[in-house]
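Asker: need coordinates for the below:
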Amino acid sequence: MTENDVIEFVTGLPGVAAFTAAEDNGAPRAAWGDTFFYYDPDDEPANRKMPFATIVVKDYEGFDTASDLNRPGVFRVNVGVGRAVFEELLGYPPAAHADRHEALDYRVPDRILPHPVYAAQSWICVLNPGDGTAARVRALLTGAHARAAAGHRPGERTTRA
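Answerer: Here you go, the predicted model:
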């Protein structure tokens, strides 16, 4: 799968809004090129609080570098899968990830891994999904979309004092 394959697949799901960070849309420079997927059937950008999946194309220096995304052609698909699916995929609950973090190589492509930063929040990742993971990644993205849709509250607005 390419980045575009992932974007086409996810935006083909009902109610999905994709946001690719760029200079011209006011996104922070560190995020330029990364894509965020939200369940937003009402197309209300102010309601987009938490993506259900993302594509990251580079390291975030000092924060998220374990995947070595600065290599040419490398990108990472990140998916919020929930505790039960996380445990099914990895064999341990998200809360137990800290004990396993150091033993993992987050640079391996086409393999389902815990997210190097957000595993405790039930996120998984795959670098450059290929023959070994593409079908599973699509299923995980579909499941994450369903979870986001189930948690959607139409018309919910964020107000600030």
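Asker: downstream neighbour of the host helix or strand of Asn4 in the secondary structure list?
Answerer: Take DSSP states H and E as the rule and Asn4 turns out to sit in helix 3-11. Going down the chain from helix 3-11, the next helix or strand is strand 16-20, by DSSP H and E.
Asker: and that next one, which strands flank it?
Answerer: On the basis of DSSP bridges, the sheet neighbours of strand 16-20 come out as strand 35-39 (antiparallel).
Asker: just the CA coordinates for the strand it pairs with, please, in PDB.
Answerer: These are the backbone C-alpha positions of strand 35-39, laid out as PDB (Å, rounded to 0.1, in the frame of the first residue of the first chain):
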ATOM      1  CA  THR A  35      -2.500  13.100   7.300                       C
ATOM      2  CA  PHE A  36      -5.200  12.800  10.000                       C
ATOM      3  CA  PHE A  37      -8.500  11.000   9.600                       C
ATOM      4  CA  TYR A  38     -11.600  12.000  11.500                       C
ATOM      5  CA  TYR A  39     -15.100  10.700  11.600                       C
END
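Asker: run through who's touching whatever helix or strand comes next after it.
Answerer: Beyond strand 35-39 in the direction of the C-terminus, DSSP H and E gives the next helix or strand as strand 53-56. The contact list for strand 53-56 (C-beta atoms under 8 Å, 6 or more residues apart in numbering) reads 3, 6-7, 10, 34-37, 64, 67, 69, 75-80, 141, 144-145. For glycine as for every other residue, the C-beta is placed from the backbone atoms N, C-alpha and C.
Asker: between the next helix or strand after strand 53-56 and helix 3-11, how many degrees?
Answerer: Remark: after strand 53-56, the chain's next helix or strand is strand 76-80, criterion DSSP H and E. Inter-element angle recorded for strand 76-80 and helix 3-11: 20 degrees (by axes from the mean of the first three to the mean of the last three C-alpha atoms, to 10 degrees).
Asker: packing partners of strand 76-80?
Answerer: Secondary-structure packing of strand 76-80 (3 or more C-beta pairs under 8 Å, 6 or more residues apart in numbering; DSSP states H and E): strand 53-56, strand 123-127, helix 134-150.
Asker: nearest to Pro93, out of those?
Answerer: Counting by C-beta to C-beta, Pro93 lies closest to strand 123-127 out of these; the figure is 12.9 Å.
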